[in-house]
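**Student:** next come a sequence and a model predicted from it.
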Amino acid sequence: MLKTDAVVPEEQHFILSTFSPSAAQKRLAFGVVVGILVVFTLITFGPLNGVHLGRVDAFVPAYATAMFVCDSLTAILLYAQFSILRSRAILVIATGYLFAALTLIPWILVFPGVFAPGKGLMGGMQTTSWVYFFLHAGFPLFMIGYALLKDGDPNKQSRQGTVLTEIALSITLTVALVLAAAFLFISGEALLPRVVLDSRRLSPLWPYVGAPVALLSVFAIVVLWIRRRSVLDLWLMVVMCLFAIEIPLSYYPDPARFSVGWYSVRVIGVISSSLVLIVLLYEIETLYARLLGAVLAQRREREARLMTGDAVAASIAHEVRQPLTAMVTTADAGLRFLDRSIPNLDKAKEAFKRIVADGHRAGEVVGSIRANFKSDVRDRTAFDLNELIQEALALGRGDLQKHGIVVQAEPNKQLPEVRGNRVQLQQVLLNLIMNAIDAMAAKDEPRILNVKSEAHVGDRVMVSVADTGTGINSQDADRMFNPLFTTKSDGMGMGLSICRAIIEAHEGHLWFAPNSPRGTVFQFTLHANSPASAAR
């Protein structure tokens with residue numbers, strides 16, 4: 001027959017009991033059923049056939065207590081799930097488990113020998129079996145109701161204001177039903193068909209009543225199978241299968257209480273009562289783990305967002321500081337040229353032109369940083385790497401002269417052009433040059449800065465920036481490219497991190513090594529301009 005996927009409310013995507021069962025869960029359910037069938041076969045046809053056991057008076061109240069606790073807890077968890085999902089099907093199955101729990105109360109009160117020798121606390125000899133039939137006939141009806149309702153229109157749910165009312169109504173009606181049935185079976189015991197002969201033996205009439213009751217469980221299995229969707233459906237089918245096995249095992253092969261079959265039926269009953277409870281507890285554990293994982297992920301995301309904000313602020317401050325410093329220095333020089341008794345207008349104009357150039361460069365730097373953090377695709381052009389090196393050295397000329405640093409930068413005319421973002425790569429070179437200046441400023445002479453370019457493996461070009469400064473301590477080597485890590489007292493800790501990000505965005509590699517006899521060499525590679533790189 002054709003099946004259509006049920007429309008599930010958004011909230012149910014987080015409820016494990018609405019998920020489709022996995023292959024492992026199906027195998028486990030099948031294994032439980034097969035195991036119970038093996039036990040049934042051993043008792044009915046195997047070596048346990050006809051074995052009589054002694055009466056254990058404490059077994060009946062222990063069994064009833066275990067069943068009552070399991071069914072009650074299952075009902076409570078299902079009512080709680082109904083209050084969230086507003087599903088009438090969940091309300092029906094919760095009512096069914098409440099019905100099973102409450103029916104155990106009159107059953108234990110009328111069971112012969114528990115509270116009074118040879119008889120129940122109330123009722124007659126037939127009452128116990130009829131309460132048992134009532135439980136095993138009523139519970140499958142609730143399962144059938146659940147199966148028929150669970151694929152209904154999810155928009156036709158309980159209103160929020162009526163949830164507690166519906167739960168209260170469910171509990172009230174269930175209590176009334178169980179009380180009415182108990183009153184009927186206790187007060188009308190004389191009119192009930194004789195399905196037991198005495199406090200231990202069952203009569204030949206017992207299977208004629210038990211067979212239709214067992215068929216109700218079989219019918220519930222069929223309905224659940226046809227409308228199966230979820231893990232909950234799977235385990236309810238297992239529960240109904242165990243219910244169907246209980247009835248014949250109670251009579252065959254030994255129609256007597258406290259036989260091997262009778263004890264086995266009670267053990268099977270406890271198992272069937274706890275299966276859905278285990279599924280719901282597993283669901284709670286899984287949802288708790290997901291909630292904890294979501295909270296931790298949200299916390300990590302918040303920390304990462306804060307770290308990103310700090311990184312952006314530090315990057316802007318780090319990168320813009322150099323052109324701004326150059327603008328202030330040049331502006332001071334321009335003012336001094338104008339403040340002379342005979343103003344040097346040519347020098348002042350040159351200073352103002354440099355201020356304008358530095359202002360444009362600051363704007364380009366901000367745009368470049370923004371592109372890095374937004375992962376924008378930037379236009380890349382082909383250019384001469386020698387020119388880029390000279391431009392970067394020109395931007396740092398003031399600091400180089402201030403600290404008396406000798407620059408060695410012979411152009412390499414044999415190099416091909418490279419392809420990339422000129423502003424970003426200029427910032428990389430300038431950062432490395434300024435770091436070299438800072439490293440050499442605290443050292444005695446000689447202070448030599450060597451910037452060179454050369455061909456590298458394949459179609460790559462390598463640029464080296466070597467200094468004779470303090471060098472890098474071995475304990476700091478692994479952290480030099482980490483964001484916010486710096487060895488400078490006034491450093492931001494973002495320069496090298498940004499440099500590496502820019503070089504890697506150009507499909508290159510940035511690293512450093514000790515210089516000889518002292519200092520550090522920073523090197524990076526870039527792709528030479530070619531049709532393949534232009535297509536990227």
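**Tutor:** Sure, I can see it. Numbering: from 1, shown residues only.
**Student:** gap between stretch 383-391 and the chain center?
**Tutor:** 50 Å (Cα atoms, centre = their mean, to the nearest Å).
**Student:** now it: mean pLDDT?
**Tutor:** Averaged over stretch 383-391, pLDDT sits at 89.
**Student:** then stretch 227-234?
**Tutor:** According to the model, stretch 227-234 has a mean pLDDT of 88.
**Student:** buried residues in it?
**Tutor:** 227, 228, 229, 230, 231, 232, 233, 234 (16 or more other Cβ atoms under 10 Å). Heads up, the C-betas are built off the backbone N, CA and C, glycines and all.
**Student:** start to end distance for stretch 503-514?
**Tutor:** Start-to-end span of stretch 503-514 (Cα to Cα, to the nearest Å) is 20 Å.
**Student:** for residue 96, see how far away residue 137 is.
**Tutor:** 12 Å (Cβ to Cβ, to the nearest Å).
**Student:** if you could redo that for residue 222, that was the one I meant.
**Tutor:** 17 Å.
**Student:** who has more neighbours out of these two?
**Tutor:** Set residue 222 next to residue 96 and count neighbours by other Cβ atoms under 10 Å: residue 96 wins out with 25 against 14.
**Student:** got a pLDDT number for the more buried one?
**Tutor:** Confidence at residue 96, expressed as pLDDT, is 96.
**Student:** over to residue 411?
**Tutor:** Note for residue 411: predicted pLDDT of 86.
**Student:** you'd agree residue 522 is in a strand?
**Tutor:** Yes - assigned with DSSP: H, G, I helix; E, B strand; the rest coil, residue 522 falls within a strand.
**Student:** ok, residue 103 - contacts?
**Tutor:** Residue 103 sits next to 131, 134, 135, 138, 178, 181 when contact means Cβ atoms under 8 Å, 6 or more residues apart in numbering.
**Student:** mind doing that once more with 10 Å?
**Tutor:** 67-68, 71, 131-132, 134-136, 138-139, 174, 177-178, 181-182 (Cβ atoms under 10 Å, 6 or more residues apart in numbering).
**Student:** so the closest residue in space to residue 198 that isn't next to it in sequence, which state does it fall into?
**Tutor:** Residue nearest to residue 198 in three dimensions, not counting chain neighbours: residue 125, with 6.9 Å by Cβ to Cβ, 6 or more residues apart in numbering. Following three-state DSSP, we place residue 125 in the coil state.
**Student:** give the contact list for residue 125.
**Tutor:** 110, 112, 118, 119, 189, 192, 194, 195, 196, 197, 198, 199.
**Student:** residue 341 and residue 215: what is the separation?
**Tutor:** From residue 341 across to residue 215, the span is 119 Å (Cβ to Cβ).
**Student:** please say which of the two ends up with more neighbours.
**Tutor:** More crowded of residue 341 and residue 215, by other Cβ under 10 Å: residue 215, with 14 against 4.
**Student:** show me the contacts for that one.
**Tutor:** 137, 140, 244, 247.
**Student:** same check on residue 144?
**Tutor:** 92, 96, 216, 217, 219, 220, 221, 222, 223, 224, 240.
**Student:** just the buried ones from the residues you listed?
**Tutor:** 92, 96, 216, 217, 219, 220, 221, 223, 224, 240.
**Student:** which strands and helices lie in contact with the helix or strand harbouring the last one?
**Tutor:** Assessed by DSSP states H and E, residue 240 sits inside helix 231-251. Helix 231-251 sits against helix 23-44, helix 88-110, helix 127-149, helix 206-226, helix 260-338, with contacts defined as 3 or more Cβ pairs under 10 Å, 6 or more residues apart in numbering; DSSP states H and E.
**Student:** how about TSV for those helices, with distance to residue 443 added?
**Tutor:** What follows is those, written out as TSV (distance: least, Cβ to Cβ, whole Å):
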stretch	distance to residue 443
helix 23-44	67
helix 88-110	77
helix 127-149	82
helix 206-226	83
helix 260-338	22
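**Student:** sorry, back to before: with distance to residue 293 as added columns, please give the buried residues of stretch 227-234 in TSV.
**Tutor:** TSV is the format used below for these (distance: Cβ to Cβ, whole Å):
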residue	distance to residue 293
227	33
228	29
229	26
230	23
231	20
232	23
233	27
234	26
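**Student:** and those, which two are furthest apart?
**Tutor:** Largest separation among those by Cβ to Cβ: 227 and 231, giving 14.2 Å.
**Student:** any of the contacts of residue 103 buried? List them.
**Tutor:** Among these, those classed as buried by neighbour count (16+ other Cβ under 10 Å) are 67-68, 71, 131-132, 134-136, 138-139, 174, 177-178, 181-182.
**Student:** nearest to residue 335 among those?
**Tutor:** When these are compared for distance to residue 335 (Cβ to Cβ), residue 71 comes out closest, at 91.1 Å.
**Student:** just the element for the closest one, please.
**Tutor:** Residue 71 is located in helix 59-85, with elements delineated by DSSP H and E.
**Student:** and that helix, which residues are buried?
**Tutor:** Buried-residue list, helix 59-85, by 16+ other Cβ under 10 Å: 60, 63-64, 66-68, 70-79, 81-83, 85.
**Student:** now swap in stretch 471-488 and tell me
**Tutor:** By 16+ other Cβ under 10 Å, the buried positions in stretch 471-488 come out as 472, 480, 481, 483, 486.
**Student:** quick check: the farthest pair among these?
**Tutor:** Greatest spatial distance among the buried residues of stretch 471-488 (Cβ to Cβ): 472 and 483, at 17.2 Å.
**Student:** now do the helix holding residue 240: distance to the chain's middle.
**Tutor:** 34 Å.
**Student:** same question for stretch 23-35.
**Tutor:** 27 Å.
**Student:** which other residues reach that stretch?
**Tutor:** By Cβ under 10 Å, 6+ apart, the surrounding residues in contact with stretch 23-35 are 19-22, 231, 234-235, 237-239, 241-242, 245, 271-272, 275, 279.
**Student:** can you say which of the residues you listed are buried?
**Tutor:** Taking 16+ other Cβ under 10 Å as the criterion, what is buried in those is 19, 21, 231, 234-235, 237-239, 241-242, 245, 271-272, 275, 279.
**Student:** buried among the contacts of residue 125? Make that a ChimeraX selection.
**Tutor:** Those of those that count as buried under 16+ other Cβ under 10 Å are selected in ChimeraX with:
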select :110,112,119,189,192,195,196,199
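**Student:** including pLDDT, secondary structure and distance to residue 251, could the contacts of residue 125 go into TSV?
**Tutor:** Formatted as TSV, the contacts of residue 125 follow (pLDDT from 0 to 100; DSSP: H, G, I helix; E, B strand; the rest coil; distance: Cβ to Cβ, whole Å):
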residue	pLDDT	secondary structure	distance to residue 251
110	91	helix	20
112	88	coil	18
118	76	coil	22
119	82	strand	22
189	89	helix	21
192	91	coil	17
194	92	coil	15
195	91	coil	10
196	90	strand	11
197	88	coil	13
198	84	coil	15
199	78	coil	16
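**Student:** residue contacts, the residue lying closest to residue 98 once chain neighbours are set aside?
**Tutor:** Once flanking residues are discounted, residue 98 sits nearest to residue 75: 4.1 Å by Cβ to Cβ, 6+ apart. Residues in contact with residue 75 (Cβ under 10 Å, 6+ apart) are 93-102, 170-171, 174, 276-277.
**Student:** roughly how far apart are residue 75 and residue 186?
**Tutor:** 24 Å.
**Student:** what sits up against stretch 386-396?
**Tutor:** Taking Cβ under 10 Å, 6+ apart as the rule, stretch 386-396 contacts 322-323, 326, 357-358, 361, 383-384, 400, 405, 407, 409-413, 415, 417-418, 420, 422, 425-434, 436-437, 449, 451-453, 463, 465, 526.
**Student:** could you redo the last one with a cut-off of 8 Å?
**Tutor:** With Cβ under 8 Å, 6+ apart as the test, stretch 386-396 has contacts from 322, 326, 400, 407, 409, 411-413, 415, 422, 425-426, 429-430, 433-434, 437, 451, 453, 463.
**Student:** over to stretch 185-205?
**Tutor:** With Cβ under 8 Å, 6+ apart, stretch 185-205 has contacts from 55, 106, 110, 112-113, 118-119, 122-131, 134, 206, 209, 250-251, 255-258.
**Student:** off-centre distance for that stretch?
**Tutor:** Chain-centre distance of stretch 185-205: 57 Å, with Cα atoms, centre = their mean.
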